[in-house]
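Novice: what shape does this take:
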Amino acid sequence: MPSPKDFQEELVRMIGEAEKQGLSSIEINSGALHRKVGGYPGNSHRMPSCCEVMRQYMKSGDVVIKAPPKGNGASLTIKYKLPR
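Specialist: Residues are numbered from 1 along each chain as shown. Model (predicted):
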């Protein structure tokens, strides 16, 4: 069962990889992030925690591209500006 730290570590890894490639931004989807960390889809998923970590990592210039009606869900997509 993934923890908030697991989500944060993968998020940081994905952003770091995009920075190494010289990208100016990266769009990260919560469903894709959770699948990489594990436990989604499934009965014991941690999607609210995944979405919270993604939102907490936002800085000035980052944008929520898509948000589910209830706020947390697999469609949450955030565009993170690079470099961090």
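Novice: backbone phi and psi for the residue lying farthest from the centre of the chain, please?
Specialist: What lies farthest from the middle of the chain is Asn43; by Cα atoms, centre = their mean that is 19.9 Å. The phi/psi pair for Asn43 (degrees, to the nearest 10) reads phi -70, psi -30.
Novice: against Arg84, how distant is Asn43?
Specialist: 34 Å (Cβ to Cβ, to the nearest Å). All C-beta atoms are positioned from the backbone trio N, CA, C, and that covers glycine.
Novice: next one: Glu27
Specialist: The value you get for Glu27 to Arg84, if Cβ to Cβ is used, is 15 Å.
Novice: same question, Gly38
Specialist: Gly38 is 25 Å from Arg84, by Cβ to Cβ.
Novice: which ones are touching Asn29?
Specialist: Residues near Asn29 by Cβ atoms under 8 Å, 6 or more residues apart in numbering: 74-77.
Novice: closest one of these to Pro48?
Specialist: Proximity of these to Pro48, judged by Cβ to Cβ, is greatest for Leu76, which lies at 10.3 Å.
Novice: surely the closest one meets Ala67?
Specialist: Yes. Using Cβ atoms under 8 Å, Leu76 is in contact with Ala67, at 5.6 Å.
Novice: could you point out which element follows the longest helix seen in the chain?
Specialist: For the chain, the helix with the greatest residue count under DSSP state H is helix 4-20. For helix 4-20, the following helix or strand on the C-terminal side (DSSP states H and E) is strand 25-29.
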